[in-house]
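In: One predicted model, sequence on top.
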Amino acid sequence: MSKERQFNKLLKQFYTSSNRNYLPWRKTHDPYKILISEVMLQQTQVSRVESKFEPFVERFPTVEILAKADLAEVLSRWSGLGYNRRAKYLHQCARKIVGKHNSQISKHISELIVLPGVGEATAGAIVVYAYNVAEIFIETNIRRAIIDYFFSDKNAVHDKHIKLILKDVIDRNNPREWYWSLVDYGASLGKVKNNPNKKSVHYTKQTLFLGSKRQVRGSVIKLLVQDIIISEDNLKRSIEGDQKYLKEVLKELVSEGLIDKSGQKYRLSTGR
DNA sequence: GTCCCGTCTG
DNA sequence: CAGACGGGAC
C-alpha cells in the first residue's frame, strides 16, 4: 500500500476512536458560526475557545446582529480569548459582509481573504467546514500531522511541501470530515514535548509576555470591560505589568479603534 | 520560566 | 522578510 493510502487508513482509524466531533462548531454548517469559531481559534487553543464560542454566538446569532452591535460589547464577550484586535476585525468583518456582500459569506477563498482578520488558514477552513469544498489549507494541527508522518527524516519543512502532500492525500469526496480527522490526529501528536512543528521553517518562538507592552494592552482592555469608563490615573493604579508602557499603549489603542478618549477618561470604542 | 498559536504591519 | 500581538496551562 502507498504511504498516502496508509496515512488515510491511519486517519480513519484514529477518527473512528478518538474524534472531537463534540466540539460545538462541528455541530453547525452555518458559515457565519464557522467564521466566528475559526477567528477564535487563531493563535488560541481549543480548550480556551470551548467556553466562549456558544455564549458568543447566542448573543450574536447572525452576521446582521453582530454588525449592529457595539464593539464595546463584542470586546467584553471576547474577554479571556486574547489578541483583542481579532474582536475588532470580526466586528468590521460583519459590517463589511452585511454592507458589501449582501450578508452572504462567500464560498470562495479569494473573496473571504479580503475580509479583515481572515487570512489563508481561516478562509480555507471556512470553505471546507461550512461548504464541504475540497480546498487545501494549513493550520498547526495539519502541519504537525503531515510533518510527523511524511517528513520524519527532514529538519526544515516548508509549507509548500506540505501543500503538495495534502493535494495527494485529501479525500475530495468528503473534505469536511477528512479535515476533521486530520486535525484531530495532528492535535493528538505531542505538542509541548517534541512538537513536530519545530521542524517547520515557519516555526517561531514567542517573545516574553510578562513585563511586555502586550501585557499592559491586555490589562487596559480587561479593566475597561469591567468598569466602562476609567481615568488615566485610575488605569495607572490598576493595570498589571509595567506602567511605563501605559501612555504609549493608550495612544495606540485609540488609534487602532479599540478604545475612545473623552476628556481625561477612556472607554471601549463603539466601533463606529 | 517554557510553550502554544494566524494575521497584519512596516 | 521580521516583529507585534494574550492569556493560560504545564
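Out: Thanks, I have it.

In: all helices of chain A, in order?
Out: If DSSP state H is used as the criterion, the helices of chain A fall at A:3-18, A:31-41, A:46-59, A:63-68, A:71-78, A:85-100, A:109-112, A:120-131, A:140-150, A:159-169, A:175-188, A:213-227, A:232-238, A:246-255.

In: Show me what residue of chain A gets nearest to DNA strand B.
Out: Using Cβ to the nearest atom of the strand, A:G119 is the residue of chain A that sits closest to DNA strand B, at 2.5 Å. Quick note: C-beta positions are derived from backbone N, CA and C, even for glycine.

In: Now do the same contact list for that residue.
Out: Taking Cβ atoms under 8 Å, 6 or more residues apart in numbering, we find A:G119 in contact with A:I113.

In: That one and A:L112, how far apart?
Out: 9 Å (Cβ to Cβ, to the nearest Å).

In: Name the nearest residue to A:F14, sequence neighbours excluded.
Out: When the adjacent residues along the chain are set aside, A:F14 lies closest to A:Y185, with 4.8 Å between them (Cβ to Cβ, 6 or more residues apart in numbering).

In: do A:I136 as well
Out: A:L166 (4.9 Å).

In: Next, count neighbours for the nearest residue to A:V57 once chain neighbours are set aside.
Out: Spatially, and ignoring its direct neighbours in sequence, A:V57 is nearest to A:K33 (5.4 Å; Cβ to Cβ, 6+ apart). A:K33 has 24 neighbours, counted by other Cβ atoms under 10 Å.

In: I figured A:K33 was touching A:F56, is that so?
Out: No: between A:K33 and A:F56 there is no contact under Cβ atoms under 8 Å: 9.4 Å.

In: Good, wrapping up.
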